[in-house]
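J.: I need the structure of the sequence given here:
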Amino acid sequence: MSKIARIRTVLLSAPYSEPPTSAEVQLHLPAGWRTIGMVEITLENGITGLGEGYLAVFAPQVFRSIVDLVTPMLVGRDPLGFDQILRDLTLTTGYWSWQGAARHVVSACEIALQDVRAQLLGVSVARMLGAGERRTLQLYASGGDSLTPAAMTREIAAVKSLGIDLFKIRARNHEAAKTAWCQRHASAHGIGIAVDMTQNLAVPSQSIADIRRFLEAVSSAEGGAPFFLEEALGPDEIGRYRELRAAVPQCRIAGGEIVTTAAELRHRLGEGCYDIVQPDATVIGGIAETLEVFSAARRHKAEVFVHCWGGPVGMMANYHAALAGGGRTAEWPMPRFELRDALVSKPWIVRAGTLELPESPGLGVRLTPEIEAKYPFREDAVYRCLTDPSRLLQADWS
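T.: Predicted structure coming up:
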């Protein structure tokens with residue numbers, strides 16, 4: 001059997017979204033470029049596999065350094081000894097980063113290993129992991145961070161063009177008018193609205209009372225209850241999610257994208273935190289860990305909507321995990337990002353709001369020297385987490 005001959009970190013940057021009208025770009029990516037980080041595994045027989053770690057969006061050089069640290073442990077190994085490799089990766093990084101940055105690198109390595117294993121078998125990753133004949137996933141559109149009604153109108157039109165009937169916007173607790181505006185304008189096209197309240201890193205978090213006031217303000221502005229509320233409480237308030245669900249029964253509660261182990265998400269599900277759990281294979285330790293979350297969600301009668309806000313390798317990893325885990329719905333990021341199309345082996349197929357995955361071996365991604373030359377890493381394409389939202393333009397959403 002062909003062994004691992006080489007491990008390589010790949011950082012790529014590309015233009016992202018619409019800089020003048022995107023709150024995300026204005027706050028977090030002022031250069032207007034975004035980075036993705038991948039691990040490339042090359043076998044002795046020339047087969048290559050790709051995996052992505054979400055960490056590189058925020059700390060690309062940290063991502064590279066951790067990959068360098070684990071490389072000696074991977075080279076020379078048989079990729080079919082998958083379980084032992086993952087155990088050793090965890091032991092190499094677990095003492096100092098059982099929950100944190102190293103888990104993103106473990107994720108990237110695990111995904112790349114899944115890619116090469118499936119290629120060796122000549123099947124897709126989803127099929128290798130037990131998926132049936134179904135190759136489609138219902139999509140919900142994810143974006144909604146436009147600064148003006150005109151730009152949001154264009155976003156809604158783009159969602160409609162894909163035939164998607166659910167659009168998740170970003171709205172903080174002072175943006176009830178924006179939420180109601182989106183509900184009114186999207187409903188005219190048969191599109192419902194979900195809300196990401198972006199509290200996943202907020203300390204101190206908004207309170208349950210803040211969330212109830214937000215929903216009351218949306219109602220007063222002639223909106224309705226969002227299809228779901230995502231990341232409504234910060235990490236210091238995880239223990240109150242059950243209370244939140246009881247306090248706002250009109251909304252389903254979603255979250256979990258930043259959780260770095262399946263064990264923690266299983267615990268949260270057991271505690272009744274979520275109606276919809278959102279694991280990300282590029283964060284949680286890979287595809288196998290994501291499948292563990294699917295199993296736990298079935299036991300606790302929760303839905304799983306995989307989080308897909310990274311690059312195309314991460315998107316494919318999550319979509320294959322969703323098919324293998326029996327998932328029905330997944331996130332589709334709306335902001336323009338050239339790398340999303342450049343790295344897939346076959347064009348994305350989205351029809352009537354449904355994504356159809358190819359049956360090609362592996363994940364269905366590929367990296368060429370031409371792609372690397374076209375999208376070299378830029379030092380200024382790093383996501384900034386420390387921002388001042390008060391400086392943003394306040395639009396009239398009445």
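J.: If the nearest residue to Gly144 once chain neighbours are set aside is in a bridge, with which residues?
T.: Among residues not flanking Gly144 along the chain, Ile169 sits closest, at 2.6 Å (CB to CB, 6 or more residues apart in numbering). In short, each C-beta sits where N, CA and C put it, glycine included. Using DSSP bridges, the bridge partners assigned to Ile169 are Val195.
J.: how many other residues sit next to Ile169?
T.: 25 (other CB atoms under 10 Å).
J.: show me the contacts for it.
T.: 143-145, 152, 178-179, 182, 193-196 (CB atoms under 8 Å, 6 or more residues apart in numbering).
J.: redo that, cut-off 7 Å
T.: Going by CB atoms under 7 Å, 6 or more residues apart in numbering, Ile169 touches 144, 179, 182, 193, 195.
J.: Pick out the lowest-pLDDT one from those residues.
T.: Across the contacts of Ile169, the smallest pLDDT goes to Gly144, namely 94.
J.: I figured it hits Leu166, correct?
T.: No - if you go by CB atoms under 7 Å, Gly144 and Leu166 don't touch, sitting 11.2 Å apart.
J.: quick one: which of the two has more around it?
T.: Each of Gly144 and Leu166 has its neighbours counted (other CB under 10 Å); Gly144 has more, 26 against 21.
J.: quick one: that one from Ile371, how far?
T.: 29 Å (CB to CB, to the nearest Å).
J.: The chain - how does it break down into domains?
T.: The chain breaks down into these domains under automatic domain parsing: 4-123, 127-362.
J.: I'd like these laid out as CSV, including distance to Arg378.
T.: Formatted as CSV, those follow (distance: least, CB to CB, whole Å):
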stretch, distance to Arg378
domain 4-123, 4
domain 127-362, 12
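J.: Trp397: which of those domains is closest?
T.: domain 127-362 (4.1 Å; CB to CB).
J.: Between the two ends of the closest one, what distance do you get?
T.: One end of domain 127-362 sits 9 Å from the other (CA to CA, to the nearest Å).
J.: For it, what is the distance to the chain centroid?
T.: The chain centre lies 8 Å from the centre of domain 127-362; the measure is CA atoms, centre = their mean, to the nearest Å.
J.: Among the contacts of Ile169, which one lies nearest to Glu216?
T.: Closest to Glu216, out of all of the contacts of Ile169 and judged by CB to CB, is Thr179, at 11.8 Å.
J.: What is the burial count for that closest one?
T.: 26.
J.: cool, Leu50 as well?
T.: By other CB under 10 Å, the residues close to Leu50 number 26.
J.: Now it: which helix or strand?
T.: strand 48-52 (DSSP states H and E).
J.: Can you give the strand pairings for that strand, parallel or anti for each?
T.: The pairing partners recorded for strand 48-52 under DSSP bridges are strand 33-43 (antiparallel).
J.: Surely Ala177 touches Ser220?
T.: No - between Ala177 and Ser220 there is no contact under CB under 7 Å: 9.6 Å.
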